[in-house]
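Colleague: Sharing a sequence plus its predicted fold:
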Number of protein chains: 2
Amino acid sequence: MVNNDNNQSVNPSKNFVLPFILLLLSRVSLHGYELSQKLQAFGFKSIDQGNLYRLLRKLEADELVSSEWDTTGNGPAKRKYSITKAGITYLKGYANQLETYQAMLDQFFSMYSSLLELYIPSFSTRDSIEKKRSEKRRNDDGKKE
Amino acid sequence: MVNNDNNQSVNPSKNFVLPFILLLLSRVSLHGYELSQKLQAFGFKSIDQGNLYRLLRKLEADELVSSEWDTTGNGPAKRKYSITKAGITYLKGYANQLETYQAMLDQFFSMYSSLLELYIPSFSTRDSIEKKRSEKRRNDDGKKE
DNA sequence: CTCTATATGTGTAAAATACATATAGTTGGA
DNA sequence: TCCAACTATATGTATTTTACACATATAGAG
């Protein structure tokens, strides 16, 4: 059922990996094990193989993705997953939720940074990370204009 | 026990509200119901009253916060919570985790935006929000320099 | 017969959530 | 003054979901 209601709370932990899967599939069709690799690149360290395949089957049952067998190439047939129109709609909805969540994190770190600056002596690690982030933002902005 | 190990995964859902509580208390001591209100302002829509007080008691048992009775003012005595040194340390650790998470969200939206631009016709809402965010970032960066 | 790839069963612990109930002091009105 | 309503904190309990882990199964390709 994958949570098709509108009661998504501010906490995105209900299948957090799901929007990333849909996002990846929205760009290009992928097999299960390819997805597993891409998700690791996203920062998901340990995706259980069995649970990933199970989730994909559920997504297909919910018609958020579709699949067809890919018999080209070596080895056994691979199930190639693609996103559906409903999947894109769902992805959009999930993205809106994540946006709220991202805003909360921004707010958190805004307060957190000033806290460190004011009250806590040694915060070099956090400071350097925040600096990197600012630089990345400038680059991102630059690309857009 | 509040999760004092180092096995925090990339998914921050284990008591997501907790770092926000610690952050709020790191600035000023607060009563339970004040916290409840501030958390709502942060974006937490529904904090169960009983569970919040229960969490605060647990945080005190774990010595991440301390409390004393505040008998000034009207109404019954209020328990005034303050963060402890261990609480600040814990907050720092949690902030590092949230940072990883924030980076994932940034990556997500970076891909998501370009996806919308390339493949999906009407995305004005999302676009305007992303524009606002970019502007905010520029302002934030400006303040730092 | 081993490797790759997909698939499903099962169990457990933690987490999220909800609702009920309890205690006790404060306040305002009949 | 008594009582009801309100504020504030506190704890019990139940349910469902989530996360995670591990085992096992099928089946084609080489």
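Modeller: Arrived safely, thanks for sending.
Colleague: drop to CA atoms for contacts and neighbour counts, all remaining ones
Modeller: OK.
Colleague: How about the helix or strand residue A:96 falls within and DNA strand C, touching?
Modeller: Here residue A:96 sits within helix A:85-119, counting by DSSP states H and E. No - contact of helix A:85-119 with DNA strand C (CA under 7 Å from any atom of the strand) is absent, the minimum separation being 13.0 Å.
Colleague: Could you confirm whether any residue of that helix contacts DNA strand D?
Modeller: No - using CA under 7 Å from any atom of the strand, we find that helix A:85-119 stays clear of DNA strand D, coming within 13.0 Å at best.
Colleague: near chain B at all, that helix?
Modeller: Yes - using CA under 8 Å from any CA of the partner chain, helix A:85-119 comes into contact with chain B via A:95, A:98, A:102, A:104-105, A:107-109, A:111-112, A:115.
Colleague: Same question for stretch A:72-83.
Modeller: No - residues of stretch A:72-83 are not located near chain B by CA under 8 Å from any CA, the shortest gap being 12.8 Å.
Colleague: quick check: mean pLDDT across that stretch?
Modeller: Summarised as a single mean, pLDDT over stretch A:72-83 is 90.
Colleague: Go through that stretch and flag the buried ones.
Modeller: Neighbour counts using 16 or more other CA atoms under 10 Å in any protein chain shown place A:78-83 of stretch A:72-83 among the buried residues.
Colleague: Pull the residues that contact that stretch.
Modeller: Applying CA atoms under 8 Å, 6 or more residues apart in numbering or on different chains, the external contacts of stretch A:72-83 come out as A:22, A:25-26, A:28-32, A:64-71.
Colleague: how near is the most centrally placed residue in chain A to DNA strand C?
Modeller: Centroid check for chain A by CA atoms, centre = their mean gives residue A:20 as the closest residue, at 3.0 Å. With distances taken as CA to the nearest atom of the strand, to the nearest Å, residue A:20 is found 17 Å from DNA strand C.
Colleague: in chain A, which ranges drop under the pLDDT threshold?
Modeller: A:1-10, A:118-145 (pLDDT under 70).
Colleague: returning to that earlier point: I figured the residue nearest to the centre of chain A hits residue B:107, correct?
Modeller: No - if you go by CA atoms under 8 Å, residue A:20 and residue B:107 don't touch, sitting 10.0 Å apart.
Colleague: By proximity to DNA strand C, which residue of chain A wins?
Modeller: Taking CA to the nearest atom of the strand as the measure, the point where chain A comes nearest DNA strand C is residue A:50, at 3.1 Å.
Colleague: one step back: need the contact list for the residue nearest to the centre of chain A.
Modeller: Residues near residue A:20 by CA under 8 Å, 6+ apart: A:39, B:108.
Colleague: what's the offset of the helix or strand it falls within from the middle of its chain?
Modeller: Assigned by DSSP H and E, residue A:20 belongs to helix A:17-27. With CA atoms, centre = their mean, to the nearest Å as the basis, helix A:17-27 stands 7 Å off its chain's centre.
Colleague: same deal with stretch A:33-53?
Modeller: 11 Å.
Colleague: how long is that stretch end to end?
Modeller: End-to-end distance of stretch A:33-53 (CA to CA, to the nearest Å): 9 Å.
Colleague: now stretch A:66-85
Modeller: So stretch A:66-85: terminal residues 10 Å apart, CA to CA.
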